[in-house]
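Fold the following and give me the result.
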Amino acid sequence: MYDTIIIGAGMSGLAAGIRLAYYEQRVCILERHYTIGGLNSFYRLRGRDYDVGLHALTNVTPKGTKTGPLARLLRQLRLKWDDFAIAPQLGSEIAFPSKRLKFDNNERTLRDEVAWVFPKEADNFDRLAREIIDYDDLSETHAGISAREVVSSIIRDPLLVEMIFCPLMYYGSARENDMDWGQFSIMFRSIFLEGLGRPAAGVRLILKHLVRKFRALGGELKLRSGVKRIITENGRATGVVLDNDEVLEARNVVSSAGWCETMRLCDDGQPVLNSRAPGQLTFCETIASLDAQPRDLGHDLTITFFNDHDKFAWQKPEELCDLRSGVICSPNNFAYDSPLDDCTIRITALANFDRWRALEEPNYRLEKLRWYDRICESAVRFVPDYRAHVTDTDMFTPTTIVRFSGHDNGAVYGAPEKQFDGRTHLNNLFICGTDQGFVGIIGSIISGISMANQHCLTRA
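Residues are numbered from 1 along each chain as shown. As a prediction, this is how the structure comes out:
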């Protein structure tokens with residue numbers, strides 16, 4: 001009998017496991033796949049290492065900072081700032097046809113850019129920054145407030161409104177064409193007021209420390225152990241049945257599989273709530289290995305969020321991919337102590353899961369080649385053309401995301417409606433991760449910590 005079974009060895013599941021294991025709970029983390037990380041994992045292909053999901057950590061604050069999500073997770077998991085070896089971004093930009101705004105980990109940079117590019121909006125931008133809700137003040141009521149309505153009531157220039165939303169939506173909105181005011185505040189604070197960074201070793205370093213900590217505390221991690229169903233009895237989860245029909249019992253179950261996905265696992269006959277529709281927003285991503293450092297080719301920015309017209313569309317595209325906007329990231333362009341050996345550029349674009357899923361295998365491979373070229377062609381309108389220096393490529397699609405995460409529709413940010421308290425219809429089954437309400441690596445870790453503290457430790 002376990003004190004807690006955790007479904008999914010992503011960031012939130014590992015963090016919840018560590019937190020519980022610190023208090024001598026017997027914890028087992030179950031992962032369907034052969035590797036850990038979920039949406040934020042890594043793989044090796046043709047002798048090269050690739051991250052999945054990680055462009056940059058958000059919420060990056062300087063070493064020694066006592067407040068904010070990064071400081072909180074380090075404190076709660078008893079990790080050191082140096083364990084993650086986070087290098088700050090060199091600098092990023094939001095690029096629209098007529099205007100560009102640069103920003104970095106100094107919040108004054110974006111403020112000064114706005115004052116220069118949109119001089120009439122400088123005071124309004126300062127007012128918006130003051131209105132942003134602190135992490136500790138967020139409540140469920142903020143989920144019912146349209147961020148577009150709030151921002152448009154403060155910022156008068158429609159173009160600046162669109163430019164502000166572009167990076168925040170790409171890095172954390174499950175809702176089409178809008179965000180909850182609370183989620184907007186989280187993303188604004190984490191990207192514009194705190195900042196972006198990356199470990200030189202990528203996501204592997206973070207996962208290595210989390211797994212090592214969990215196992216050192218006596219936690220059990222079972223790979224290739226998918227959950228077939230959650231056993232229920234008298235309004236409680238009593239355990240799980242694995243794909244191989246092995247039964248594991250537990251006093252509590254925490255799932256990072258997603259709301260709809262978790263509800264389908266329950267064997268009590270409760271329908272998946274129609275009001276909790278799965279998300280529709282998913283991505284394709286191209287990865288190009290280069291024979292030169294991107295900055296030597298004229299590309300010295302960490303991330304470029306681009307949009308090719310003055311109105312930013314954030315919705316499921318009609319075609320396989322939406323080429324109007326995207327994110328261009330160079331993992332090389334962070335302030336590392338020494339340059340990375342691998343030279344890489346990654347481009348992310350909105351995609352249509354249904355259309356990718358409908359392709360037969362030969363056509364699927366052909367469309368990947370076709371859309372790889374089209375996505376890159378779209379991106380080089382906004383950054384120096386690096387294509388003559390490409391030595392190797394890879395690309396993932398929404399079906400890849402489904403295969404390795406299990407998320408309906410490959411929805412990276414889960415369902416639009418979140419369950420902020422993590423509770424379900426069973427009094428000892430809880431949700432953590434994306435569908436609880438926090439996104440990104442730091443957000444996912446905080447979600448796992450919060451749900452473990454609020455539910456499993458208080459019950460213990």
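
Wait, I287 touches C343, no?
No - applying CB atoms under 8 Å as the test, I287 and C343 come out as separate, 11.5 Å apart. (Each C-beta comes from the backbone N, C-alpha and C, glycine too.)

Can you classify A349 by secondary structure?
strand (DSSP: H, G, I helix; E, B strand; the rest coil).

Same check on F283?
Three-state assignment for F283 (three-state DSSP): strand.

from memory it sits against T348, does it?
Yes - applying CB under 8 Å, one finds F283 in contact with T348, separated by 5.1 Å.

residue ranges with poor pLDDT in the protein?
Along the chain, the parts satisfying pLDDT under 70 run over 41-45, 47-48, 50, 53, 270-275, 459-460.

wait, doesn't T397 sit right on R355?
No - with contact defined as CB under 8 Å, T397 and R355 do not form a contacting pair (9.8 Å).

So for the helix ranked longest in the chain, what gets flagged as buried?
Ranked by residue count and defined by DSSP state H, the top helix of the chain is helix 361-379. Across helix 361-379, burial judged by 16 or more other CB atoms under 10 Å covers 367-368, 371-372, 374-376, 378-379.

Likewise for stretch 291-303?
293-295, 297, 299-303.

ok, now stretch 123-139?
124-125, 128-129, 132-133, 135, 138.

For it, give me every contacting residue.
68-69, 107, 111, 114-115, 118, 142, 150-151, 154-156, 160, 164, 181-182, 185-186, 188-189, 192-193 (CB atoms under 8 Å, 6 or more residues apart in numbering).

check contacts around the closest residue to E176 other than its chain neighbours.
Computed as CB to CB, 6 or more residues apart in numbering, the closest residue to E176 that is not its neighbour in sequence is Q315, at 4.3 Å. Residues near Q315 by CB under 8 Å, 6+ apart: 176-177, 280-281, 350.

returning to what we had before: can you redo the buried residues of stretch 291-303 as TSV with distance to H209?
As requested, the buried residues of stretch 291-303 are arranged in TSV below (distance: CB to CB, whole Å):
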residue	distance to H209
Q293	28
P294	28
R295	29
L297	33
H299	31
D300	30
L301	29
T302	23
I303	24
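
ok, back up a step: T397 and R355: which has the busier surroundings?
Counted by other CB atoms under 10 Å, T397 and R355 do not tie: T397 has more neighbours, with 26 against 17.

what's the spacing between that one and R32?
20 Å (CB to CB, to the nearest Å).

if we can go back for a sec, give me the subset of the contacts of stretch 123-139 that lies in strands.
The strands, defined by DSSP state E, take in nothing from the contacts of stretch 123-139.

Just the buried ones from these?
Buried among the contacts of stretch 123-139 (16+ other CB under 10 Å): 68-69, 111, 114, 118, 142, 150-151, 154-155, 160, 164, 181-182, 185-186, 188-189, 192-193.

Which of the buried residues of helix 361-379 lies at the shortest distance from H309?
Among the buried residues of helix 361-379, S378 lies closest to H309 (CB to CB), at 12.5 Å.

residues touching the closest one, list them.
308, 323-324, 326, 347, 349.

what's the answer for G414, then?
By CB under 8 Å, 6+ apart, the contact set of G414 is 174, 258-259, 278-279, 407, 433-435, 439.

Try it again at 7 Å.
Shown in contact with G414 (CB atoms under 7 Å, 6 or more residues apart in numbering): 174, 258, 279, 407, 434-435.

Would you reformat the residues you listed as JSON lines and include distance to I401 and neighbour count?
Shown next, in JSON lines, are the contacts of G414 (distance: CB to CB, whole Å; neighbours: other CB atoms under 10 Å):
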{"residue": "A174", "distance to I401": "14", "neighbour count": "24"}
{"residue": "G258", "distance to I401": "12", "neighbour count": "26"}
{"residue": "G279", "distance to I401": "11", "neighbour count": "27"}
{"residue": "H407", "distance to I401": "6", "neighbour count": "27"}
{"residue": "T434", "distance to I401": "12", "neighbour count": "32"}
{"residue": "D435", "distance to I401": "15", "neighbour count": "31"}
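
Just send those back as a markdown table, with secondary structure too.
Shown next, in a markdown table, are the contacts of G414 (three-state DSSP):
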| residue | secondary structure |
| --- | --- |
| A174 | coil |
| G258 | coil |
| G279 | coil |
| H407 | coil |
| T434 | helix |
| D435 | helix |
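
can you tell me which of the residues you listed lies nearest to N427?
D435 (18.4 Å).

Next one: the closest one from L323, what distance?
For D435, the distance to L323 (CB to CB) stands at 29 Å.

can you check C166 too?
For C166, the distance to L323 - CB to CB - is 15 Å.

So for these two, which sits in the more crowded spot?
Set side by side, C166 and L323 show more neighbours around C166, with 22 against 18, by other CB under 10 Å.

For the more buried one, grab phi and psi.
phi -50, psi -60 (degrees, to the nearest 10).

show me what contacts the closest residue in space to L73 that isn't next to it in sequence?
Nearest residue to L73 in three dimensions, chain neighbours excluded: I445, at 4.9 Å (CB to CB, 6+ apart). If you count contacts by CB under 7 Å, 6+ apart, I445 has them with 11-12, 15, 73.

Closest one to A216 out of those, please.
A15 (14.7 Å).

Is that closest one in contact with L79, as I believe?
No - under the criterion of CB atoms under 7 Å, A15 is not in contact with L79, lying 10.2 Å apart.

Neighbour count for these two, which is higher?
A15 (29 against 17).

Quick one: residues contacting the more buried one.
77, 210, 445, 448-449 are the contacts of A15 under CB under 7 Å, 6+ apart.

which of the residues you listed sit farthest apart?
Across those (CB to CB), the longest gap, 11.4 Å, separates L210 and I449.

can you list the domains in the protein?
Using automatic domain parsing, the domain parsing of the chain gives 2-54+202-277+417-459, 108-187, 280-405.

And these: which comes nearest E93?
E93 lies closest to domain 280-405 among these, at 5.4 Å (CB to CB).

before we move on, the earlier item: of the contacts of stretch 123-139, which belong to helices?
Those of these lying in helices (DSSP H): 69, 107, 111, 114-115, 150-151, 154, 160, 164, 181-182, 185-186, 188.

Just say which of the domains of the chain is most tucked in.
domain 2-54+202-277+417-459 (a mean of 21; mean count of other CB atoms under 10 Å).

hmm, back to that, for T393, see how far away the residue nearest to E176 is.
Taking CB to CB as the measure, Q315 falls 28 Å from T393.

Repeat that for M451.
39 Å.

try A250
44 Å.

Then Y23?
Using CB to CB, we find Y23 at a distance of 46 Å from T393.

Report the buried residues of the helix or strand harbouring A71.
Assessed by DSSP states H and E, A71 sits inside helix 69-77. Buried residues in helix 69-77, counted by 16+ other CB under 10 Å: 69-74, 76-77.

orientation of it relative to helix 181-188 in degrees?
Here helix 69-77 runs at 90 degrees with respect to helix 181-188, directions being taken by axes from the mean of the first three to the mean of the last three CA atoms, to 10 degrees.
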